[in-house]
Structures are given as C-alpha cells and as structure tokens.
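Asker: Output the structure for:
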Amino acid sequence: MQGQFDQDNFIEKRDPAELAMCIILAAVYLGLARYCWTTLIDTYQMRLLFNMVGFFCTIAMLSIVIGLRPYINPCSLQLSGKGIKYRGPYWPQRKTVNWEQVFRVYLSPELIVVLYHPLVNNKSMWPLIIQSIYLADKDNVHEAILKYCPVQPVMLAGPNWLTRLLAIVGFVLLAVFLLEKLGIPLLVK
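Answerer: This is a model prediction of the structure:
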C-alpha cells in the first residue's frame, strides 16, 4: 500500500520549436492576407476582401493562440494515494476525483477514461477523459495509474491508421456539410 503523501506528477512539455512553427504559420497567413488585400482593393471586391482577409487573419491568430497554450495553461496530471487531479489542455480548471468515486478505468496509449460517481454511493456516473498524449512523460502514466488505482483498469489498444484516416475524412465532410448549410460555399458547383 502506498503512503498517503506519495504522488506522481506529469506536466505537459513546452517545446519552443512548436511555438516557432505556429508563429511561422501565422506569418504565412498574414502574408496571404496582405497579398489578398492589395489585389482585391484594386479590383473593388469588398465582400470577398473582408471574407478572405478575415479568414486569413483569424487562422493566424488561432495558430498563435495554439502555440502559446502550453505556456499559458499547461496540461497536468497528478496521481496519488487519494485520487486523481487533472487539468486538461483546453480546460483551465482542475478536476479532482478520489479513488472511492472511481467505478472503472479504461487505458489506451493516447487516452485514459475514468468513469466515476460524482457523489460516493450515487448511481449516476460521469467520465473524466485524460488526454495522455499531451503529457511529457506519457509512457509512465500507465504504470502510475496501475500503482495507485484500486480498480483493475481495462487495457485498450490505440486506433490503427485506417480508423484515424476515416475519422479525419468524416470530420472534414461534416465540416463542409455544415458550412454549406450555413450558406458558406466551399465546393464549386
């Protein structure tokens, strides 16, 4: 049995190369916005000008925000004899789950799903989704969970490349369908 004060901490790594690539990507999109600005202002196509320049500037700002996110709000996981404390990459508040609340744990190479009861001895169940792909020491997370978790975790395999490809294609088709329904034409008819 582990001591009550033993704990394992996992924090998201901060890679300056990722930030540099996001800044380069933002610079490319701002360059495209400037190029479209000068070309479309000469032809007086204001609606197309605002749409294209707005799109490129939005993508540039989004890439800067994504590059700065690990520095502003890093993902962290803390495992101890009492329970789990997790702060996700895009959710700034930390979620705490005690081991008495845990019903079942599913482990895969990139994702950990903890099913827990919000109140002890309550029938309702909530998922805590831990994205271990963001953590710096992600290979040791499974060992730490096995060390502390009182329930036997269910081990899952990661998705193969065909499943990932189908998920990406499905997401792109759904996004195109929704944009078309909103009246934003993406496909040439």
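Asker: Could you measure from residue 104 over to residue 18?
Answerer: Per Cβ to Cβ, to the nearest Å, residue 104 is found 34 Å from residue 18. In short, each C-beta sits where N, CA and C put it, glycine included.
Asker: do residue 167 as well
Answerer: 23 Å.
Asker: So between the two, which is more surrounded?
Answerer: residue 18 (14 against 11; other Cβ atoms under 10 Å).
Asker: Counting by contacts, list what the helix or strand where that one lies packs against.
Answerer: For residue 18, the host element (DSSP states H and E) is helix 16-42. Here helix 16-42 touches helix 46-72, going by 3 or more Cβ pairs under 8 Å, 6 or more residues apart in numbering; DSSP states H and E.
Asker: Can you tell me the strand partners of the helix or strand that comes right after the helix it packs on and which way each runs?
Answerer: Downstream of helix 46-72, the next assigned helix or strand under DSSP H and E is strand 76-80. Sheet pairing for strand 76-80, assigned by DSSP bridges, gives strand 7-11 (antiparallel), strand 83-87 (antiparallel).
Asker: what residue ranges in this structure score low on pLDDT?
Answerer: The chain contains residues with pLDDT under 70 at 1-5, 185-189.
Asker: give me that answer again for 80
Answerer: 1-5, 39-41, 44-46, 48-49, 90-92, 120-122, 138, 158-159, 182-189 (pLDDT under 80).
Asker: Let's see stretch 159-167 as PDB, backbone CA atoms only.
Answerer: Provided in PDB are the C-alpha atoms of stretch 159-167 (Å, rounded to 0.1, in the frame of the first residue of the first chain):
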ATOM      1  CA  PRO A 159      -6.800   3.100 -33.200                       C
ATOM      2  CA  ASN A 160      -5.000   1.900 -36.300                       C
ATOM      3  CA  TRP A 161      -4.200   4.300 -39.200                       C
ATOM      4  CA  LEU A 162      -7.300   3.300 -41.200                       C
ATOM      5  CA  THR A 163      -9.600   4.300 -38.400                       C
ATOM      6  CA  ARG A 164      -7.700   7.600 -37.900                       C
ATOM      7  CA  LEU A 165      -8.000   8.300 -41.600                       C
ATOM      8  CA  LEU A 166     -11.700   7.500 -41.700                       C
ATOM      9  CA  ALA A 167     -12.300   9.800 -38.600                       C
END
